[in-house]
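> What follows is a predicted protein model with its sequence.
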Amino acid sequence: MLKRFDQLFGIDLGTSNTVIYQKGKGIVLNEPTVIAFDQLSGELLAAGTEAQAMIGRAPAHVEITYPLVNGVISNFEKTSSMLKYFVKKLQGRASFLRGSQMFISVPCGITNVQKRAIEETVVIKGAKKAVAVEEPLASALGAGLSLDEPLGHLVLNIGGGTCQVAVLSLGGVVASNTLNRAGMTLDQDIMDYVKRQYNMEIGERTAEEIKKQVGTALDSTPERTIDIRGRDLVNGLPRSIRLTSTEIFTVVNEFLIVLVETIRSTLELCPPELAGDVIEQGMLLCGGGALIEGIDERIRLETGVPVHIAESPMECTALGTGMMLGCHRVGDSGSSLIRLEPQPEESA
Ligand SMILES: Nc1ncnc2c1ncn2[C@@H]1O[C@H](COP(=O)(O)OP(=O)(O)OP(=O)(O)O)[C@@H](O)[C@H]1O
Ligand SMILES: [Mg+2]
């Protein structure tokens with residue numbers, strides 16, 4: 001039973017970014033999924049933007065980690081400490097969890113046991129109810145697709161830790177594939193490229209900046225350059241180089257070849273009627289990777305399916321979890337079917 005004064009949160013707990021939607025307020029937080037832990041005192045020093053600012057600059061006893069790997073929580077204790085930290089930042093107190101209900105997005109393809117582990121972790125921390133929902137369903141809803149019709153939709157989410165391709169129909173996932181390569185491995189690929197090509201070491205934030213500034217999915221884009229700094233591996237001294245978009249295209253291209261193959265194999269898994277719907281409707285592209293220059297055009301050229309980028313590609317999943325708040329899910333906690341029926345409300 002939903003109480004009128006329950007606080008309702010929709011959370012996109014992503015490998016790179018955590019986005020929180022609060023019912024009645026909209027998106028209230030969007031921060032990197034990073035935590036800084038003091039190994040001497042065992043205390044959480046910072047999370048989100050503040051922890052990210054410490055990457056590559058922290059003393060040895062400060063451990064900076066991503067508590068999710070490829071979309072899945074790798075450390076429950078640290079993940080819930082991070083959520084608590086965010087909430088405290090939002091509300092000035094950590095006790096808000098009490099009486100709250102949360103819908104949390106999870107990658108599709110994780111097991112029911114993993115889903116329940118996430119739900120239980122949040123409930124143990126004080127939430128009244130937690131529901132794990134498949135990320136593609138949430139993204140599609142948040143991007144404005146209506147899911148209750150018998151019509152196939154293809155959603156491609158290019159996140160930080162995973163790329164998820166899912167064909168949805170009647171509120172459920174009909175076929176899906178998850179690729180454990182995405183924005184963060186692309187950053188790593190760029191770091192490896194610079195090391196190989198220039199004998200120079202760069203940090204992951206620099207690699208991400210290179211990807212955002214000169215990364216492209218098309219070899220025909222006008223050339224752009226970026227000046228970056230790193231450490232020379234031969235003499236150990238700081239050094240500057242200029243990189244071009246043509247070079248970074250070769251790195252992005254290797255990732256795209258694998259991604260396109262994943263899209264193709266998902267379409268192969270999908271019943272022919274739904275595949276027909278997808279060709280007609282086009283695919284929805286979301287997640288931070290949707291912002292790579294020319295990626296929509298490249299995927300359309302390679303697959304023949306029209307591509308529409310979501311209006312807010314990095315926020316639509318949280319918006320979608322927000323739209324599910326206060327609703328029932330049909331089936332048990334393992335079911336991926338969703339039906340948005342308002343929950344009965346108690347007067348207080
Ligand atoms: N302009 C941009 N160009 C290219 N990549 C970008 C851009 N902006 C953000 N990204 C990348 O998008 C990724 C984050 O996307 P998103 O927030 O959707 O991931 P996530 O939800 O945290 O991860 P996942 O869904 O895999 O768990 C990061 O790797 C980031 O570098
Ligand atoms: Mg995501």
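Ah, there it is. Ligands and ions are numbered 1, 2, ... in the order given.
> Return the residues of the stretch 101-250 of the chain in contact with ligand 1.
Listed as neighbours of ligand 1 in the stretch 101-250 of the chain under the rule C-beta under 6 Å from any ligand atom: N157, G159, G160, G161, T162, A182, G183, M184, E208, K211, K212, G215. (Each C-beta comes from the backbone N, C-alpha and C, glycine too.)
> Tell me the bridge partners for the nearest residue to Q213 once chain neighbours are set aside.
Closest residue in space to Q213, ignoring its immediate chain neighbours: I226 at 4.8 Å, by C-beta to C-beta, 6 or more residues apart in numbering. Per DSSP bridges, the residues bridged to I226 are L243.
> I226 - how many residues pack around it?
Look at I226: counted by other C-beta atoms under 10 Å, it has 18 neighbours.
> Surely it touches G215?
No - contact criterion C-beta atoms under 8 Å: I226 and G215 do not qualify, at 9.9 Å.
> Now do the helix or strand A138 falls within: which elements does it pack against?
Assigned by DSSP states H and E, A138 belongs to helix 135-142. Judged by 3 or more C-beta pairs under 8 Å, 6 or more residues apart in numbering; DSSP states H and E, helix 135-142 is in contact with strand 7-13, strand 100-106, strand 153-158, strand 163-169, strand 172-179, strand 283-286, helix 316-324.
> mind running it again at 6 Å?
strand 153-158, strand 163-169, helix 316-324 (3 or more C-beta pairs under 6 Å, 6 or more residues apart in numbering; DSSP states H and E).
> Just want the residue of the stretch 51-200 of the chain that's nearest ligand 1.
Relative to ligand 1, the nearest point of the stretch 51-200 of the chain is G183 (2.0 Å; C-beta to the nearest ligand atom).
> need the contact list for the residue nearest to that residue when sequence neighbours are not counted.
The shortest distance from G183 to any non-neighbouring residue, by C-beta to C-beta, 6+ apart, is to G160 (4.5 Å). G160 makes contact with T15, S16, A182, G183, M184, according to C-beta atoms under 6 Å, 6 or more residues apart in numbering.
> redo that, cut-off 7 Å
By C-beta atoms under 7 Å, 6 or more residues apart in numbering, the residues touching G160 are G14, T15, S16, N17, A182, G183, M184, G288.
> how close does the last one get to D148?
Spelled out, it's G288. The span separating G288 from D148 equals 28 Å under the rule C-beta to C-beta, to the nearest Å.
> How about the fourth one?
Between N17 and D148 the distance, using C-beta to C-beta, works out to 29 Å.
> Neighbour count: these two, which is higher?
Comparing N17 with D148 by other C-beta under 10 Å, the one with more neighbours is N17, at 23 against 11.
> Would you confirm that that one contacts V34?
No - N17 is beyond contact range of V34, at 9.4 Å (criterion: C-beta atoms under 7 Å).
> How about the contacts made by the residue nearest to S169 when sequence neighbours are not counted?
Spatial nearest neighbour of S169, excluding adjacent residues (C-beta to C-beta, 6+ apart): G152 at 4.9 Å. Neighbouring residues of G152 by C-beta under 7 Å, 6+ apart: V167, S169, C270, L274, D277, V278.
> Could you identify the buried members of those?
V167, S169, C270, L274, D277, V278 (16 or more other C-beta atoms under 10 Å).
> Now do the phi/psi pair for whichever residue of the stretch 1-150 of the chain sits closest to ligand 2.
Closest approach between the stretch 1-150 of the chain and ligand 2, counting by C-beta to the ion: G14, at 3.6 Å. Main-chain torsions, G14, degrees, to the nearest 10: phi -100, psi 160.
> Wait, a strand at I55?
No - read with DSSP: H, G, I helix; E, B strand; the rest coil, I55 is coil and lies in no strand.
> That one contacts R205, correct?
Yes - assessed by C-beta under 7 Å, I55 is found in contact with R205 at 6.2 Å.
> Let me know the average pLDDT across stretch 84-92.
Across stretch 84-92, the average pLDDT comes to 82.
> Is there contact, residue-wise, from that stretch to ligand 1?
No - Stretch 84-92 does not reach ligand 1 (C-beta under 6 Å from any ligand atom); its nearest approach is 13.8 Å.
> chain center to that stretch: distance?
Relative to its chain's centre, stretch 84-92 lies at 21 Å (C-alpha atoms, centre = their mean, to the nearest Å).
> Also stretch 288-295?
14 Å.
> Repeat that for stretch 161-171.
The answer for stretch 161-171 is 13 Å, by C-alpha atoms, centre = their mean.
> Would you mind putting the CA coordinates of that stretch into PDB?
Only the C-alpha atoms of stretch 161-171 are listed here, as PDB (Å, rounded to 0.1, in the frame of the first residue of the first chain):
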ATOM      1  CA  GLY A 161      29.900  -0.400 -18.500                       C
ATOM      2  CA  THR A 162      27.500  -2.100 -20.900                       C
ATOM      3  CA  CYS A 163      25.800  -1.800 -24.200                       C
ATOM      4  CA  GLN A 164      22.300  -3.300 -24.000                       C
ATOM      5  CA  VAL A 165      20.300  -4.200 -27.100                       C
ATOM      6  CA  ALA A 166      16.700  -5.200 -26.300                       C
ATOM      7  CA  VAL A 167      13.600  -5.800 -28.400                       C
ATOM      8  CA  LEU A 168      10.500  -4.900 -26.300                       C
ATOM      9  CA  SER A 169       6.900  -5.700 -26.900                       C
ATOM     10  CA  LEU A 170       3.800  -5.700 -24.600                       C
ATOM     11  CA  GLY A 171       5.800  -4.300 -21.700                       C
END
